[in-house]
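A.B. asks: coords please:
(2 chains)
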Amino acid sequence: GAVVSQHPSWVICKSGTSVKIECRSLDFQATTMFWYRQFPKQSLMLMATSNEGSKATYEQGVEKDKFLINHASLTLSTLTVTSAHPEDSSFYICSGVPSGHYEQYFGPGTRLTVT
Amino acid sequence: AQSVTQLDSQVPVFEEAPVELRCNYSSSVSVYLFWYVQYPNQGLQLLLKYLSGSTLVKGINGFEAEFNKSQTSFHLRKPSVHISDTAEYFCAMSSGGYQKVTFGIGTKLQVIP
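C.D. replies: I've put the predicted structure just below:
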């Protein structure tokens, strides 16, 4: 099956600093990747759609200047949380869609804690 | 507007008993439907998908789901659950041929020994 990795799996940072999360498709090329945020005991909230070689498409209410997305290659998308605050603490999950497929394959998630 | 409704937030069931997790969707165009499972502190794993064809879809770990267009439902079933099936289950939908997915709120399946 299609495998997606995320790095780091867990990160703690101080308020005001920036954190970068990597999402890689290991055995397929993904022209489109998605970034989600999940609060405890809740469903996934789509933050943005990341397209290789072009700007990401952000969902309503998501600050594009705060959550910077770069889809530099067909196997790598990064999410940078800039000037992080405690309310940004969450579980961030990415997914990719192999060419010719409709189902998304998810990474294992990154737990971000901002102190 | 497209939406996915999971009617039960929690479902307790005894080990080796059958289970059904309910999912209804709303869409004005054709849909693709998915069930995902999430274990604690992990990402989502695809259980099964309906794209077209047979309305009864078989997935991994002994799960199956039936697409019912008239009732706009895609319920997930397993004839005999195991302790290891304890997890959160998400129903999801994409419509109009787009890859973007709408998720339900999730159903927590608790298997009781």
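
A.B. asks: show me the shaky parts of chain B.
C.D. replies: Filtered on pLDDT under 70, chain B yields the residue ranges B:97.

A.B. asks: list the residues that contact the closest residue to chain B within chain A.
C.D. replies: Here chain A gets closest to chain B at one residue, A:Phe106, 3.9 Å apart by C-beta to the nearest C-beta. Using the backbone N, CA and C atoms, a C-beta is placed for each residue, glycine as well. Applying C-beta atoms under 8 Å, 6 or more residues apart in numbering or on different chains to A:Phe106 gives the contacts A:Val4, A:Ile93, A:Cys94, A:Ser95, B:Tyr36, B:Gly43, B:Leu44, B:Gln45.

A.B. asks: now do A:Tyr92
C.D. replies: Contact partners of A:Tyr92, counting by C-beta under 8 Å, 6+ apart, are A:Gln6, A:Ile21, A:Trp35, A:Tyr36, A:Arg37, A:Gln38, A:Leu79, A:Gly109, A:Thr110, A:Leu112.

A.B. asks: what separation is there between it and A:Phe106?
C.D. replies: 11 Å (C-beta to C-beta, to the nearest Å).

A.B. asks: so which bits of chain B are right by chain A?
C.D. replies: Residues of chain B found near chain A (C-beta under 8 Å from any C-beta of the partner chain) are B:32, B:34, B:36, B:41-46, B:49, B:51, B:90, B:94, B:99-101, B:103-106.

A.B. asks: and those, which of them are in strands?
C.D. replies: Of these, the ones assigned to strands by DSSP state E are B:Tyr32, B:Phe34, B:Tyr36, B:Leu44, B:Gln45, B:Leu46, B:Lys49, B:Phe90, B:Ser94, B:Phe103.

A.B. asks: okay, buried residues for stretch A:96-106 please.
C.D. replies: A:Gly96, A:Val97, A:Pro98, A:Glu103, A:Gln104, A:Tyr105, A:Phe106 (16 or more other C-beta atoms under 10 Å in any protein chain shown).

A.B. asks: near chain B, which residues of chain A? Just list them.
C.D. replies: A:1, A:4, A:6, A:32, A:34, A:42-44, A:46, A:49, A:91, A:93, A:95, A:97, A:102-109, A:111.
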